[in-house]
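Engineer: Below: sequence and its predicted model.
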Amino acid sequence: MIKLTATAITVDAAAPDGSRPGQRVIMGIAAPYGVTASVSSGESVLFEPGSLTATDRMPRVYMFHDSSQPVGIVTQLDNSSPNELLFSARISATPLGDTALTLSADGVLDVSVGITPQEWTTDDAGTMRITAATVDEISLVPQPAFNAAKITEVYASASIHHDPDKLDNNEENPLDEETPEMEKTPEIAAVEAATPTAPIWAEAPRRFTLPSPAEYMAAYASSSSEFATLNARIKAAAPDITTGSTGGILPEIITGSVYDSLNPIRPFVSAIGTKAMPTAGATFRRPKITVRPTVTQQPTGELNTLDPSTVTVSNNDISKLTFGTYVTVSEQDLDWTDPASINIILEQLAIAYGQATDNYAVDQLVAQTTQTETLTSFSGADITEAVYGAAYQISNSSNYLPTHYVVSPVTWAKLGMAVDSSNRPVFPYVGAPGMNAQNALGTQAVTSWNGNPLGLSLVVDKNMAGGTTTGTLSGVVGHAAGPAAGFEFYEQMKGAISVDVPSTLGRTIAFRGYAAVFMADATKFVKIVNA
């Protein structure tokens, strides 16, 4: 849970002389740039400077990311600061708007931004680094994902009562100079089609005590908005787990966090990047040039007819695959465990999903790569010969060179052990005593997966089948970077979903998502196979 520190804000009620008559405006920081936080879906997200922009339609202001509880409209987004996205919004004169102004003035509510990612990358730590996204809405929430996302000023009409003696009006207003511009609502243009990418709410994951069956049914009977809010807050967990399964986290005193032996990373997927998957349809199409024009010399003499040619672009249908699993947790386990079992189980479900999709991508790369190169041994000369042979096959068919070498841990270890005829490391650890590596063919260290044998980016993934015996695979060399990458990975991570099971006093929790791969050009990859 991300804890917040209360911050001072200003409330400017309407003056007796009529200045700021009926004004209902809030200003603040929609989201900081360059800061990592876990959002409501469980993902780790970072906004790069200037990455957040609005469409022609200005975002609305909601309570708790609930579109059935609108309270106003954003009048200006200010991207002039490299550190944060500033905003100004007008709050509507409704009972819910009055509540929003009052809670904002009292420091109860802060800011959470809802965005649709357009461009992003995933780093080695699994953080989604967003470089371009549109702001769909700004919500007022008590617990934002980013501590810096907050309301800095509230201009309330005289009908919203506050005690001026209890308010701090001394905080500097970062938006003072632009207030006149922010009070102007821009003309709303036609709405462009939304990018088919799942939205992200920059709201902190919350610890939540699950409701009893009676509370759940009462919320259902109360109102649709209350029931929707309750369902949105329900987080859940993993195959029939009872208190007998989690005896280690029942009330005995526990020191430190729960130990997990698996590193929750997706090396191959992180290296090649994730592309946005269209939301509609069970399949989508990827165009590819299959027939290129052929240029020949004009027959001798002027005005002679050139040889005809053609260009063919084929459509490749890509099927979406669903990955997921579910577990059922007893209500007793949810209520009695400390630390809360639901957080641990939900995290494990997310890790399991990540491992499954990464393994699928690696398996498809290996299965759809048909070109091979033989590795006689792991000597420096044989490794050089095999990798350059793979590079030759790739460049000979496409004029592209390889960018990555995807290997298993055993192949990574053998590369590090490789020596030349004088027993000197072929890929030495730079910085070791007496090791300057002036003549090295690349570097490698036992403390890092990173390396650059013969200039290639080394990707070490336990899901890559590997070995050192005859006929086993010692990795795939290929062009997997940039717009001409020969292999593409698409994903729409749906996250967790849960439902109560009143008959057993339990909760069933599922974690799921969609993934697909496209081998655009198999000639850009070569398998290194042991002789």
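Structural biologist: Noted; the coordinates are in hand. Numbers count the residues shown, from 1 in each chain.
Engineer: helices and strands of this structure: which one bottoms out on pLDDT?
Structural biologist: helix 179-182 (a mean of 42; mean pLDDT, DSSP states H and E).
Engineer: mind checking the backbone torsions on residue 101?
Structural biologist: The phi/psi pair for residue 101 (degrees, to the nearest 10) reads phi -60, psi -40.
Engineer: Next one: it from residue 113, what distance?
Structural biologist: 19 Å (Cβ to Cβ, to the nearest Å). In this view, the C-beta of every residue, glycine as well, is placed from N, C-alpha and C.
Engineer: pLDDT weak spots in the protein?
Structural biologist: For the chain, applying pLDDT under 70 flags the ranges 1-22, 40-42, 157-214, 216, 223-227, 229-262, 338-340, 429-441, 446.
Engineer: beta partners for the residue nearest to the spatial centre of it?
Structural biologist: Nearest to the geometric centre of the chain sits residue 128, at 3.4 Å (Cα atoms, centre = their mean). On the basis of DSSP bridges, residue 128 is bridged to residue 45, residue 122.
Engineer: That one contacts residue 46, doesn't it?
Structural biologist: Yes - with contact defined as Cβ atoms under 8 Å, residue 128 counts as touching residue 46 (7.2 Å).
Engineer: need the helices for the chain, in chain order.
Structural biologist: Ranges of helices in the chain, per DSSP state H, are 95-105, 179-182, 213-222, 224-233, 267-272, 331-336, 341-368, 380-398, 409-417.
Engineer: wait, which of those is closest to residue 524?
Structural biologist: The closest of the helices of the chain to residue 524 is helix 380-398. By Cβ to Cβ, the value is 5.4 Å.
Engineer: Output the contacting helices and strands for the closest one.
Structural biologist: Where contact means 3 or more Cβ pairs under 8 Å, 6 or more residues apart in numbering; DSSP states H and E, helix 380-398 is packed against strand 371-375, strand 473-478, strand 525-530.
Engineer: Can you pull the phi/psi pair for residue 308?
Structural biologist: The phi and psi torsions at residue 308 (degrees, to the nearest 10) take the values phi -70, psi 160.
Engineer: And it, how far from residue 520?
Structural biologist: Computed as Cβ to Cβ, the residue 308 to residue 520 distance reads 27 Å.
Engineer: Mind checking which of the two has more residues around it?
Structural biologist: Remark: of residue 308 and residue 520, residue 520 carries more neighbours, 14 against 8, as counted by other Cβ atoms under 10 Å.
Engineer: So what's the residue count around the closest residue to residue 314 other than its chain neighbours?
Structural biologist: Leaving aside its sequence neighbours, residue 314 sits nearest to residue 290 (Cβ to Cβ, 6 or more residues apart in numbering; 4.7 Å). By other Cβ under 10 Å, 10 other residues sit near residue 290.
Engineer: can you check the one 10 residues further on too?
Structural biologist: A count of neighbours around residue 300, defined by other Cβ under 10 Å, yields 6.
Engineer: so residue 506 makes contact with residue 328?
Structural biologist: Yes - using Cβ under 8 Å, residue 506 is in contact with residue 328, at 5.1 Å.
Engineer: more crowded one of those two?
Structural biologist: Higher neighbour count among residue 506 and residue 328: residue 506, with 21 against 18, using other Cβ under 10 Å.
Engineer: which parts of stretch 415-423 are buried?
Structural biologist: For stretch 415-423, a neighbour-count test (16 or more other Cβ atoms under 10 Å) marks 415-416, 418 as buried.
Engineer: which residues are in contact with that stretch?
Structural biologist: Applying Cβ atoms under 8 Å, 6 or more residues apart in numbering, the external contacts of stretch 415-423 come out as 378-381, 383, 407, 425-427, 444, 446, 451, 453, 458.
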